[in-house]
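Take a look and give me a structure for this.
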Amino acid sequence: MTHTFTALGVIDQVQEALKTLQITTPTNVQQQAIPALLTSKKDVVTLAQTGTGKTLAFAAPLLQLIDRTNPTIQAVILVPTRELGQQIQSNITSYTTHLPEVSCTALYGGVPVKDQIERLKQPAQIVIATPGRLLDLMEREAISISQANYLVLDEADEMVSSLKESLDTIVAAMPNNRRTFLFSATMPGAIKQLVQNYLSKNPLEISAERETLGHQKINHEYVVVEPIEKLDVLMHFLNSRIGQRGIIFCKTKAAVNKLAKNLAIHKFSSGALHGSLSQAIRDRMMGQFREGHIDILVATDLAARGIDVQEIEYVVNYHLPEFYDMYVHRTGRTARAGATGYALTILQEEEAVEIPEFEDELGISFSAFAKANKQQLEDNNTVLWAKKVFKTKPNRSLPEELTDKVKNVFHHLTKEELIDKLLAERAAQKSLNHHNEVLSKKKKNKK
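Predicted coordinates:
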């Protein structure tokens, strides 16, 4: 394998841009895919997990394969989410700082279609699109892909359902002699069917790093909890990672909203991301996360696609993923660009039997996370309560006379004495709450 972009055939203008981005050594997938896309005439299927440099692996060849003097659309890149489309557009724009004649645009839902129709009146050789929005624009006759000789299906395993409905129409609008490049982290049956239906016979197959998932610099751990303690265990973990950045995955939008609300109540630097949020809110949340203004993102699987942030130290599976592929995509958010990472999966007792199955299927090894005991969880909740009090903004609407009376009650106490009394009051209140819960259960049992 070669270890320079020059040896791979990447042109000087792109290499200059990569140097500015401090990208000097090609990754495994780039070493295999770039020369294959540049020199072969075949369609190409590439298996490579997220975070291995797939975007550059297909973007660099496209910038050389298209006719840069021709302003018409010559390459279509289909993606599963708006966020991934935005990320790819940003990446390609950064690769073309020394290729001013190249232009690309991203088309996706959640924003006014009229704005995108206006944008398409300007030259763009490369279009990045979600299938639904591309079909919409084709039906409006706002876009022509009749001269697009290159079709890229990126993270194809995440958009199988949408591709099934739209790929026939999209492919029919493209030249018969087009080349198709399919990139996927996994190869489920549905993707194999796509390859058979839409790619030429005997496509070139590349497998880069997918088989070495277990040997990446990710520490995989799991913890078994009772349902009632699940949130407390998560809070204890997060409180030990203050200042680090991570993503917590939930199965549903409702679960994302509920957990994000709990994190906000406990004053964690966090935000939520799922498909029902408006585009403006999603963009703002992603911007805050990328720029480090928030440390924790609570997300659904699909919404988290396109999060290309290298400094994500950990991933938490608050709900066990339904499919092995999802685990690959989730944990691929950490340990990017050669960094180390950590993945914690929080399980209920009946789910623990699935851990060996994930190990066998993915070739990884889990170790048990040292769960905090009951007292440690309670102590952590007390610390979180103190942080919540500390970060609570003063209520300036209270009558000044009342404020003065309360201050007069405490004025003779030292800080240490006040803290001791606050802790004692909290302990007494929790004891009373527990006593009331026990009485309530006894009454229900009698009934």
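
Please enumerate the strands of the stretch 201-350 of the chain.
Assigned by DSSP state E, counting those that start in this stretch, the strands in the stretch 201-350 of the chain fall at 204-207, 218-225, 246-249, 270-273, 296-299, 314-317, 341-348.

And the contacts of the first one?
Here strand 204-207 makes contact (CB atoms under 8 Å, 6 or more residues apart in numbering) with Val29, Gln32, Ala33, Ala36, Ser40, Lys42, Asp43, Val44, Val45, Thr46, Leu47, Ala48. To be clear about C-beta, it is placed using only N, CA and C from the backbone, and glycine gets the same treatment.

repeat that for 10 Å
28-29, 31-33, 36-37, 40-48, 57, 181-183, 187, 195 (CB atoms under 10 Å, 6 or more residues apart in numbering).

List only buried entries from those.
Buried members of the contacts of strand 204-207, counted by 16 or more other CB atoms under 10 Å: 28-29, 31-33, 36-37, 42-48, 57, 181-183, 187, 195.

Now intersect the residues you listed with the strands, please.
Members of the buried ones among the contacts of strand 204-207 lying in strands (criterion: DSSP state E): Val44, Val45, Thr46, Leu47, Phe181, Leu182, Phe183.

Quick one: mean pLDDT for stretch 225-241?
Regarding stretch 225-241, the rounded mean pLDDT is 94.

Can you report how many residues neighbour Ser162?
15 (other CB atoms under 10 Å).

so it makes contact with Pro80?
Yes - with contacts defined as CB atoms under 10 Å, Ser162 counts as touching Pro80 at a distance of 7.2 Å.

hey, what's in contact with both of the two?
Joint contacts of Ser162 and Pro80 (CB under 10 Å, 6+ apart) are Thr130, Pro131.

quick revisit: mind picking the lowest-pLDDT entry from the ones in strands among the buried ones among the contacts of strand 204-207?
Checking pLDDT across these, the minimum falls on Leu47 at 88.

Let me know whether that residue touches Val195 as I believe.
No - if you go by CB under 10 Å, Leu47 and Val195 don't touch, sitting 11.2 Å apart.

Mutual contacts of the two, please.
Joint contacts of Leu47 and Val195 (CB under 10 Å, 6+ apart) are Leu182, Ser184, Met187, Glu205.

List just the nearest of those to Ser103.
Leu182 (24.6 Å; CB to CB).

what sits against that closest one?
Taking CB under 10 Å, 6+ apart as the test, what Leu182 contacts is 43-47, 58, 78, 151-157, 191, 194-195, 198-199, 203, 205.

repeat that with 7 Å
Counting by CB atoms under 7 Å, 6 or more residues apart in numbering, Leu182 touches Val45, Leu153, Ala156, Val195, Leu199.

Report the beta-bridge partners for it.
Beta-bridge partners recorded for Leu182 (DSSP bridges): Val45, Leu153.

Need the contact partners of stretch 10-22.
By CB under 7 Å, 6+ apart, the list of residues contacting stretch 10-22 reads Phe5, Thr6, Ile34, Ala60, Leu63, Gln64, Ser94, Tyr95, Thr96, Thr97, His98, Leu99.

Name the nearest residue to the first one, ignoring sequence neighbours.
For Phe5, ignoring the flanking residues on the chain, the nearest one in space by CB to CB, 6 or more residues apart in numbering is Gln15 at 5.2 Å.

Just confirm that neighbour is within a strand.
No - looking at Gln15 with DSSP: H, G, I helix; E, B strand; the rest coil, it is helix, so not inside a strand.

ok, Ala7 - how many residues close by?
Residues near Ala7, counting by other CB under 10 Å: 13.

now do the one 10 residues further on
Here the neighbour count serves as a burial measure; for Ala17 (other CB under 10 Å) it reads 19.

Now do it against Gly85, distance only.
20 Å (CB to CB, to the nearest Å).

one step back: pick out the most distant pair among the shared contacts of Leu47 and Val195.
Going by CB to CB, the pair spanning the shared contacts of Leu47 and Val195 furthest: Ser184 and Glu205, at 11.3 Å.

just checking, what packs against the helix or strand in which Gln193 is found?
Here Gln193, judged by DSSP states H and E, is contained in helix 189-198. Secondary-structure packing of helix 189-198 (3 or more CB pairs under 7 Å, 6 or more residues apart in numbering; DSSP states H and E): helix 160-172, strand 179-184.

Could you tell me the angle between the last one and helix 189-198?
Angle between the axes of strand 179-184 and helix 189-198 is 180 degrees (criterion: axes from the mean of the first three to the mean of the last three CA atoms, to 10 degrees).

and what of the first one?
Helix 160-172 and helix 189-198 are oriented at 10 degrees to each other (the same axes, to 10 degrees).

wouldn't Gly246 be in contact with Val315 here?
Yes - counting by CB atoms under 7 Å, Gly246 touches Val315, with 6.4 Å between them.

show me where pLDDT drops low in the stretch 201-350 of the chain?
209-216, 303-308, 337-338 (pLDDT under 70).

Which parts of it are helices?
230-239, 253-265, 279-290, 324-331 (DSSP state H, counting those that start in this stretch).

Could you export those as CSV, including distance to Glu349?
As requested, the helices of the stretch 201-350 of the chain are exported to CSV (distance: least, CB to CB, whole Å):
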stretch, distance to Glu349
helix 230-239, 11
helix 253-265, 19
helix 279-290, 33
helix 324-331, 20
